[in-house]
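Asks: I'd like to go over a predicted model; first the sequence, then the structure.
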Amino acid sequence: MITGDVKSKVDAVWDAFWTGGISNPLEVMEQITYLLFIRRLDDEQTRALNKANMLGRDPEGNPFPIGTDEEGRDYNDLRWSVFKNMQADDMFYTVGERVFPFIKNMRGEESTYAHVMKDARLTIPNAAMLVRVVDRLDKVPMENRDTKGDIYEYLLAKIASAGQNGQFRTPRHIIRLMVEMTQPKPGDRIVDPASGTCGFLVAASEYMRENHADEINSGAGREQFHHDMFHGFDFDNTMLRIGSMNMLLHGIEQPDVRYRDSLAEANTDDAGAYSLILANPPFAGNLDYESTAKDLQQIVKTKKTELLFMALFLRLLQPGGRAAVIVPDGVLFGSSKAHKTLRKILVEDHKLDAVVKLPSGVFKPYAGVSTAILFFTKTDSGGTDNVWFYDVQSDGYSLDDKRTPLLDESKLGVLAGELSDDEHAKNNLPDVLKRWFDRNDGELSRERTEQSFCVPKDDIAAQDYDLSLNRYKEIVHEEVEHRAPEEILDELDRLEKEIVDGMTQLRGMLAGGAE
């Protein structure tokens, strides 16, 4: 959690762009990402030189060469700690004409970050604005890993609050719910085929640090954690840069975050390569058959991206691999042949574990679409026994465009602990997690009138594999007692007699007054 002082420093960086004429929040984020990458290179250079001095040998792992380039210019000038003290025009020239070309053409580092920086360019228009941005960004503390990650998440939230590119941002408390339910473990190979800002991968890495610190801090476990656990694909280069930096600032040294059109024909070389999928793929749109991988069409012949992604998940998972993915409600009850075929595959050929229905306002203000989280395990041999359903009615925030917190911060999120009945009514997520781990025991006996319940596979098959919660949920209607018709008629006769008697008395009184 970052303090108000740090937030004000980050806001000052953001404001420097806006007052300087760069108003596209995604462009602002991209430029900040470049500058943070350049600042990171300076930190690496410092560590490499300090280590070399201690050991009395030549530097190793230093991003900037020692000495001068072919034009006799000192490579040391490319360091953040050096150019930040230059005169405005000298800084502008050095950053635009030397630093950015250098990071675009880095050949010595075969990391994700070097690859996604290959198209980097400085779009800050003048020297005065660059000085303001560098000066303000230099004041933002980036020494601590947790602080780095929190600062970048705060910047990502500013993209969303600016009202653009919200489709790239899944609410972090929903991501955390999915991670807590799937429980990543050492040795997992985790993939998000529509990674965006890498929010799912970041949350999975934080879960690993909190729950498996000993296993990932040394030896083979550390190597696998930093180099082979996290994989993310996207076909938007800007988002790849932002996602890669998000992973870097959360302490992941070499994640596999790269350009890929996940549904394209060419990408068939990693079938069965992953043990866990966490994703919120694009919902809308249709693709041409010709541009879609043929093996996906063999699973489910469709143009709909949400169904093609489901087929992709099954292809990417190894046997025993598990998935938690957000889907639009149409996937649950769509009546087309492709919809039904896909649901039947999940239920009959693999193990469908759960359907967690989300409130329709979860993705506001960007979309009001109704969604659910599907949890399933790839088995290739069936295994569905009972499917667990949960009807999330509140996630801790208002379901309007403002998404205002309904509880104190300590009572929000999936790890809020025990909540009172009133608090539970405003935040269902802790109860989701608690009941998920009881789904094969106490949940089996819960009535379908309750918020969560289990449905046997045979019942689902009988409903043509419809997975919508309302298909199985039973509504308790409040019993209303009706009076017998004879009693009502007697009451009407009595009232009519009282009216007639009253009118007779009134006429008598009026006649007496006239005399």
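Replies: Cool, the structure landed.

Asks: Tell me which helix or strand comes right after the host helix or strand of residue 320.
Replies: Secondary structure assignment for residue 320, by DSSP states H and E: strand 317-328. For strand 317-328, the following helix or strand on the C-terminal side (DSSP H and E) is helix 329-333.

Asks: which helices and strands does that following helix pack with?
Replies: helix 305-316, helix 337-344, strand 371-377 (3 or more C-beta pairs under 8 Å, 6 or more residues apart in numbering; DSSP states H and E). From N, CA and C alone the C-beta is placed, and that goes for glycine too.

Asks: please redo it, this time with the cut-off set to 7 Å
Replies: Contacts defined by 3 or more C-beta pairs under 7 Å, 6 or more residues apart in numbering; DSSP states H and E place helix 329-333 against helix 305-316, strand 371-377.

Asks: how about these in a markdown table, adding mean pLDDT, distance to residue 205 and mean neighbour count?
Replies: Below are the helices and strands packed on helix 329-333 laid out as a markdown table (pLDDT from 0 to 100; distance: least, C-beta to C-beta, whole Å; neighbours: other C-beta atoms under 10 Å):
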| stretch | mean pLDDT | distance to residue 205 | mean neighbour count |
| --- | --- | --- | --- |
| helix 305-316 | 90 | 19 | 24 |
| strand 371-377 | 97 | 20 | 22 |
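
Asks: Distance to residue 53 added to those, as JSON lines?
Replies: Below are these laid out as JSON lines (distance: least, C-beta to C-beta, whole Å):
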{"stretch": "helix 305-316", "distance to residue 53": "46"}
{"stretch": "strand 371-377", "distance to residue 53": "52"}
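
Asks: For residue 322, find the nearest of those.
Replies: For these, the distance to residue 322 is smallest for strand 371-377, at 4.8 Å, taking C-beta to C-beta.

Asks: Now do the closest one: distance to the chain's middle.
Replies: 14 Å (C-alpha atoms, centre = their mean, to the nearest Å).

Asks: Which phi and psi values does the residue nearest to the spatial centre of the chain adopt?
Replies: Geometric centre of the chain, nearest residue: residue 170, 3.3 Å, by C-alpha atoms, centre = their mean. The phi and psi torsions at residue 170 (degrees, to the nearest 10) take the values phi -80, psi 130.

Asks: Near the residue nearest to it when sequence neighbours are not counted, how many other residues are there?
Replies: Spatial nearest neighbour of residue 170, excluding adjacent residues (C-beta to C-beta, 6 or more residues apart in numbering): residue 280 at 4.6 Å. Number of residues near residue 280 (other C-beta atoms under 10 Å) recorded here: 27.

Asks: Residue 424 too?
Replies: The burial count for residue 424: 18, using other C-beta under 10 Å.

Asks: helices and strands around the helix or strand where residue 220 lies, which ones?
Replies: For residue 220, the host element (DSSP H and E) is helix 219-227. Here helix 219-227 touches helix 213-216, going by 3+ C-beta pairs under 7 Å, 6+ apart.

Asks: any idea of the mean pLDDT in the helix it packs on?
Replies: Helix 213-216 carries an average pLDDT of 94.

Asks: Can you pull out the residues in contact with it?
Replies: Contacts to helix 213-216, defined as C-beta atoms under 7 Å, 6 or more residues apart in numbering, come from residues 186, 208, 221-222, 225.

Asks: before we move on, the earlier item: out of the helices and strands packed on helix 329-333, which is closest to residue 474?
Replies: strand 371-377 (18.8 Å).
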